[in-house]
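Participant: Predicted model and sequence follow; I will ask about them next.
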Amino acid sequence: MDTGRHSVLFNYMYRIVRQKNGLTLVCRACLHKVRAQDFDGNIGNRRTLAAHAMLKHVHAEHSRETHVRAMAMVMERQNAPQHASRC
């Protein structure tokens, strides 16, 4: 299994937001969020557990039928022009 290729693919499906209180994984195709601090650190690495939960979400909610549409949404968001903030 080529884990590098899979991590690149899933970087497009969710993003990691670092905050003072921990990490939050945010799905790029919908509003779903997973907080690493919500997982029990006694059963494994919290970030790994959160990433696994997010991957389960991506596979369950954004299956192959919707994968192309979800990826198009991600690419559209990434390529959207940035609006200058108004003062």
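Facilitator: Everything's here; your move.
Participant: where along this protein do the helices fall?
Facilitator: 3-13, 46-61, 64-79 (DSSP state H).
Participant: Which of the ones you listed has the lowest mean pLDDT?
Facilitator: With a mean of 53, helix 3-13 has the lowest mean pLDDT of these.
Participant: wouldn't residue 13 be in contact with residue 28 here?
Facilitator: Yes. Using C-beta atoms under 8 Å, residue 13 is in contact with residue 28, at 5.9 Å. Any C-beta I mention is one placed from the backbone N, CA and C, and that applies to glycine too.
Participant: how about stretch 48-55: buried residues?
Facilitator: Of the residues in stretch 48-55, 49-51, 53-55 count as buried by neighbour count, 16 or more other C-beta atoms under 10 Å.
Participant: again, but for stretch 31-46
Facilitator: Quick answer for stretch 31-46 (16+ other C-beta under 10 Å): 32, 34-36, 39, 46.
Participant: which residues touch it?
Facilitator: With C-beta atoms under 8 Å, 6 or more residues apart in numbering as the contact definition, stretch 31-46 has outside contacts at 21-27, 47, 49-50, 53-54, 57, 61.
Participant: any idea how far residue 18 is from residue 76?
Facilitator: Using C-beta to C-beta, to the nearest Å, we find residue 18 at a distance of 25 Å from residue 76.
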